[in-house]
Every structure is written in structure tokens, then in C-alpha cells.
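Novice: how would this look folded up:
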Amino acid sequence: MGRRTCCDPYPIMPSRPKLRVASPLACPVAVASVLRNPYGVIMRVLTTAEIRSDKLDRVAFRVIHRLPIQVLLDGVQRPYNLGAVFRLCDAMLVERLIICGGPVDIRNRRFLQAARGTQRWVPWELAEDAALAVAALKRQGSRIVVADLASGSVPPERFDPVFPLCLVVGGEAEGVSQAVIDQADAAVAVPMLGMVNSLNVATATAVVLYYLTVAARRGDGSIPPV
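Specialist: Okay, here's the model as predicted:
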């Protein structure tokens, strides 16, 4: 203990020994502990070569078996949203993308930024009228599922899909047209717990399409059931 006099209002605190902290880089065990998450798994960022190690070459990818999901865009106009949906369809290995309601400029800068070249790998086509395109899909045996805030919509996690199906996503301003909703077998909507009423087109598509993809892959045995 430090000494204190009657005239000294503050005690003299004893000095503490200095701690020497070793750099984690100097000790492999320390590195492992730094990278170990609460679940006990050591993680690191994969390299591009590791990510691509199990991908098919371009020739084999052209004839790969795709999931029984089609995506139809009903009036989506903004180039960035169009490009983002292309990229989603590539990631989820959808069967086909159908774009209704206007031309698509695949040379637009915003489109190219979002698509990242996936327009060369995703089977896609243009259709003039969304309602007519949906009617044709129904005749071919596809279930029609709209992603919109409609009466009777259910959250993605409560929806039990039947394949093959077509996911219809509406435009930025008007959403899915009523002529398409009238033909729909189901409506799915992401719950909006905050102040805004809806999500961006590409964001909503990503959420719903992921749930559908998981269900389709479980159905064909690609991933084990829960």
C-alpha cells in the first residue's frame, strides 16, 4: 500500500505490473482463438479459386438440370432491378426468366453493373403481356405464385410450394397487375415490421426465391430435409 500523510488528500496508489500482450500472429493457437466463432468453428474468407473449385465448365453448365422454377417480371422497368434479378436467377439456378411490359437494354450501364454477366447464362425471353404469359404457363402445368401484398398473402416460411411453379414479381410502382393476381394460385409476401410498406423489387425477389429454391432442392434430394 502507498503511504499517505494527514495533509495529503489523495492516496499514493501502488504501481501495477505492466502486462505484455503477445501478437496473435506470433502464435498459431492465438490465431485460431481469434478466428473461432462462438459455435467453435474456425472460419476464414474463401479465395476465388476455392469458391469456383466445384463449379462446372461453361459447356457443361449450358445443359445443367435447372430447378422447376420460373420467374416472371410484370412491369419491372428499372435497369438495376432487371440486372439484379438476372443475377438472382443465375444464383438460384431457375429454369427461365420472363420479362413482360417493355424492352430490356442489356447494354445499359446500370443493368450491366447489377447483372455481372449473368444475362449470358440465364435462359430468358420477352413477353408482351404478363396476363397472357401467365395463362400460357398455367396451361403448361405451372402453379402461379405472386410476390405481392395481396389479400390472402402468406409469409414465405409458411408457404408450401408445389412444383413446377412460376414466381411473378410486379413493377416498382404498381406491383403485380390484377389480371395476373386473378390467375394466381397463391400469394407470398415478406412481412414488413417497420414503417415502410414494401421492399425493393430485387430484395423481395431474393427473399421469396431463396425459400422456393430451398424447397425445390429438398424435393429433388439436393439437400437433406430439416
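
Novice: Now residue 116: closest residue in space that isn't a chain neighbour?
Specialist: Of all residues not flanking residue 116 in the chain, residue 87 sits nearest, at 5.7 Å (CB to CB, 6 or more residues apart in numbering). For the C-beta atoms, the positions are set from N, CA and C on the backbone; glycine is no exception.

Novice: Just the mean pLDDT for the helix or strand harbouring residue 86, thanks.
Specialist: Using DSSP states H and E, residue 86 maps to helix 79-92. Here helix 79-92 scores 94 as its mean pLDDT.

Novice: Could you do stretch 114-129 as well?
Specialist: Mean predicted confidence for stretch 114-129 is 92.

Novice: neighbouring contacts of that stretch?
Specialist: 61, 66, 72, 79-84, 86-87, 89-90, 94-100, 103-104, 106, 111, 133, 202 (CB atoms under 8 Å, 6 or more residues apart in numbering).

Novice: Give the buried residues for stretch 135-149.
Specialist: Buried residues in stretch 135-149, defined by neighbour count with 16 or more other CB atoms under 10 Å: 137, 142-149.

Novice: Among those residues, pick out the one closest to residue 181, please.
Specialist: Of all the buried residues of stretch 135-149, residue 181 sits closest to residue 146, with 5.7 Å by CB to CB.

Novice: Write down the beta-bridge partners of the closest one, one by one.
Specialist: Counting by DSSP bridges, residue 146 forms beta bridges with residue 168, residue 187.

Novice: Downstream of the lowest-mean-pLDDT helix or strand in the chain, the next helix or strand is which one?
Specialist: When the helices and strands of the chain are scored by mean pLDDT, DSSP states H and E, helix 28-35 comes last with a mean of 45. Sequence-wise, the next helix or strand downstream of helix 28-35 (DSSP H and E) is helix 48-51.

Novice: How about residues contacting that next one?
Specialist: Residues contacting helix 48-51 (CB under 8 Å, 6+ apart): none.

Novice: Report the secondary structure state of the closest residue in space to residue 155 that isn't next to it in sequence.
Specialist: In this structure, residue 155 finds its nearest non-sequential neighbour in residue 191, 5.5 Å apart by CB to CB, 6+ apart. Of the three states, residue 191 takes coil under DSSP: H, G, I helix; E, B strand; the rest coil.

Novice: Next, count neighbours for residue 191.
Specialist: Around residue 191 there are 11 other residues, counting by other CB atoms under 10 Å.

Novice: Am I right that it is in contact with residue 157?
Specialist: No - Residue 191 lies out of contact with residue 157 (CB atoms under 8 Å); the separation is 9.6 Å.

Novice: Neighbours of residue 86, how many?
Specialist: 27.

Novice: who's in contact with residue 89?
Specialist: Contacts of residue 89 (CB under 8 Å, 6+ apart): 71, 97, 118, 122, 124, 209.

Novice: typo on my end, residue 188
Specialist: Counting by CB under 8 Å, 6+ apart, residue 188 touches 145-147, 153-156, 159, 208.

Novice: measure it to residue 174 for me?
Specialist: Distance of residue 188 to residue 174, given as CB to CB, to the nearest Å: 18 Å.

Novice: Touching, residue 197 and residue 149? I think so.
Specialist: Yes - using CB under 8 Å, residue 197 makes contact with residue 149 at a distance of 7.3 Å.

Novice: pull the longest helix from the protein.
Specialist: Secondary structure assigned by DSSP state H gives helix 201-219 as the longest helix of the chain.

Novice: May I have that helix exported as CSV, CA atoms only?
Specialist: The C-alpha trace of helix 201-219 is given here as CSV (Å, rounded to 0.1, in the frame of the first residue of the first chain):
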residue,chain,number,x,y,z
VAL,A,201,-38.2,-5.4,-56.2
ALA,A,202,-34.8,-7.2,-56.2
THR,A,203,-34.7,-7.6,-52.4
ALA,A,204,-38.2,-9.1,-52.2
THR,A,205,-37.4,-11.4,-55.1
ALA,A,206,-34.3,-12.6,-53.3
VAL,A,207,-36.1,-13.4,-50.1
VAL,A,208,-39.0,-15.3,-51.7
LEU,A,209,-36.9,-17.0,-54.4
TYR,A,210,-34.5,-18.3,-51.8
TYR,A,211,-37.3,-20.0,-49.9
LEU,A,212,-38.6,-21.6,-53.1
THR,A,213,-35.1,-22.7,-54.1
VAL,A,214,-34.6,-24.5,-50.8
ALA,A,215,-37.9,-26.3,-51.1
ALA,A,216,-37.2,-27.3,-54.7
ARG,A,217,-33.8,-28.7,-53.8
ARG,A,218,-35.2,-30.6,-50.8
GLY,A,219,-37.8,-32.1,-53.2
